[in-house]
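*Asks:* Provided below are the primary sequence and the corresponding predicted coordinates.
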Amino acid sequence: MSDRLESVACNLCGSFDLLPAYSQPDELFHPDEWFNVVECKSCGLGFVNPRPTQEDIGRYYPEAFYHDFDDPHHQQRYALEAGYLENIDTPSMTLLDVGCANGDFARYMKKMGWRIEGVEISPNARKVKDFTVYNCALPDIPISEARYDAITAWAVLEHVHDPMAYFMKASQILKPGGRFVFLVTDFQSLPSRHLYREDLPRHLYFFTEPTVKRYLKTAGFELQKVDRNNKIFSLRPVNWLRYYLYKLFLKRPPSWHEIPEAPRDYFKRKGSSSLKDKIFYIATHPFAVVDRLLLPMFELLAPPALTRGIVIYVAIKQSDR
């Protein structure tokens, strides 16, 4: 095994009894590097194994990764995220945003009257100078008392090496009755478990509702709300039709190599998205085109737990801990 990779036990239950789930490459930055996803037979937690070490994970987060946060979509989603912090009315109104990246969501909440701090481990995120940001992992921040009224982690926990330490630290530094809001992908959904929509190896862990409940209970939280939607981030079941046809006729799911190139990636590789290029894509990828045309109907008719790969959880810090 490369010294850049390490094999680990299940972070939730400690088991080494693991089932292979699938393999795929780093599609964004290192396409020649492949990674395996496994599933714990004991508790159902999914994770990359072997995985990049803490010392090496930074090279999968180049500066280009953080340029995406300038996209207008990110600027528009903050109002939706703020909605999960409604009805919190305390004199302090103190928020810690974990994985704050360039600091934009925290600044939005500051305009809403919150006192803000952030956590961002990557040196490639832009340096934030207008509020306190702890440049280390959440478990390592120099806070041990119950300071915050709310902690948010938008698409963060799937990226970390030790999710349990994050849940425990959040519980330690939240005030009794404080709110912990976090967004993760759903390993039980079709796009996460079978359609290669996860961002490996930046996504290291893949949660289910039962595994999230177990993490929360261990850390002294009470789950208040589970919300599946594609409004903040989207993980749609693209190539769902191919998956079901493979399962029906070949009795197996498609491999990563059998999933067609997405239009976005195709046009990026071609360096053009002219009408001629679009017509050529349709002519050479007819099955993928049919899949995309029928996708909205499938999402409308199928259960949300199957089609929506993004889940927002809202939990409350229990007062007797």
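*Replies:* Okay, I see it.

*Asks:* where in the stretch 201-321 of the chain is pLDDT low?
*Replies:* Residues of the stretch 201-321 of the chain that meet the criterion pLDDT under 70 lie in 320-321.

*Asks:* just the strands in it please.
*Replies:* 205-206, 221-228, 310-317 (DSSP state E, counting those that start in this stretch).

*Asks:* by contact count, what packs against the second one?
*Replies:* If I follow you right, that is strand 221-228. If you count contacts as 3 or more Cβ pairs under 8 Å, 6 or more residues apart in numbering; DSSP states H and E, strand 221-228 packs onto helix 209-219, strand 310-317. All C-beta atoms are positioned from the backbone trio N, CA, C, and that covers glycine.

*Asks:* looking at these, which is closest to residue 250?
*Replies:* strand 310-317 (28.9 Å; Cβ to Cβ).

*Asks:* how about the secondary structure of the nearest residue to residue 179 once chain neighbours are set aside?
*Replies:* Once flanking residues are discounted, residue 179 sits nearest to residue 150: 4.6 Å by Cβ to Cβ, 6 or more residues apart in numbering. What DSSP: H, G, I helix; E, B strand; the rest coil gives for residue 150 is strand.

*Asks:* is residue 145 in a helix, a strand, or coil?
*Replies:* Quick answer, by three-state DSSP: residue 145 is coil.

*Asks:* and it, what does it touch?
*Replies:* Counting by Cβ atoms under 8 Å, 6 or more residues apart in numbering, residue 145 touches residue 173.

*Asks:* from residue 266, how far off is it?
*Replies:* 52 Å (Cβ to Cβ, to the nearest Å).

*Asks:* follow-up on the earlier one: pairing partners for the residue nearest to residue 179 in the sheet, please.
*Replies:* Here residue 150 shows beta-bridge partners residue 95, residue 179, assigned using DSSP bridges.

*Asks:* out of the strands of the stretch 201-321 of the chain, the one nearest residue 292 is which?
*Replies:* Across the strands of the stretch 201-321 of the chain, closest to residue 292 is strand 310-317 (Cβ to Cβ), at 19.0 Å.

*Asks:* adjacent strands (with direction) for the closest one?
*Replies:* By DSSP bridges, strand 310-317 pairs with strand 174-185 (antiparallel), strand 221-228 (antiparallel).

*Asks:* and residue 58, which of the three is it?
*Replies:* On the basis of three-state DSSP, residue 58 is classed as helix.

*Asks:* that one is in contact with residue 123, isn't it?
*Replies:* Yes - Residue 58 sits in contact with residue 123 when judged by Cβ atoms under 8 Å, with a separation of 7.3 Å.

*Asks:* who's more crowded, these two?
*Replies:* residue 58 (13 against 10; other Cβ atoms under 10 Å).

*Asks:* residue 125 versus the more buried one, what's the distance?
*Replies:* For residue 58 relative to residue 125 (Cβ to Cβ), the value is 11 Å.

*Asks:* cool, residue 49 as well?
*Replies:* For residue 49 relative to residue 125 (Cβ to Cβ), the value is 27 Å.

*Asks:* what helix or strand is residue 91 on?
*Replies:* Under the criterion DSSP states H and E, no helix or strand holds residue 91.

*Asks:* tell me the pLDDT at it?
*Replies:* We have a pLDDT of 90 for residue 91.

*Asks:* please apply the same query to residue 4.
*Replies:* On the pLDDT scale, residue 4 gets 88.

*Asks:* show me the contacts for it.
*Replies:* 52-53, 56.

*Asks:* returning to that earlier point: who are the contact partners of the residue nearest to residue 179?
*Replies:* Residue 150 is in contact with 85, 88, 94-96, 174, 178-181, counting by Cβ under 8 Å, 6+ apart.

*Asks:* helix, strand or coil for the closest residue to residue 78 other than its chain neighbours?
*Replies:* Among residues not flanking residue 78 along the chain, residue 108 sits closest, at 4.1 Å (Cβ to Cβ, 6+ apart). Applying three-state DSSP to residue 108 yields a three-state assignment of helix.

*Asks:* right, and residue 108 touches residue 76 too?
*Replies:* No - using Cβ under 8 Å, residue 108 is not in contact with residue 76; the gap is 10.7 Å.

*Asks:* looking at the two, which one has more neighbours?
*Replies:* Just comparing residue 108 and residue 76: by other Cβ under 10 Å the higher neighbour count belongs to residue 108, 18 against 11.
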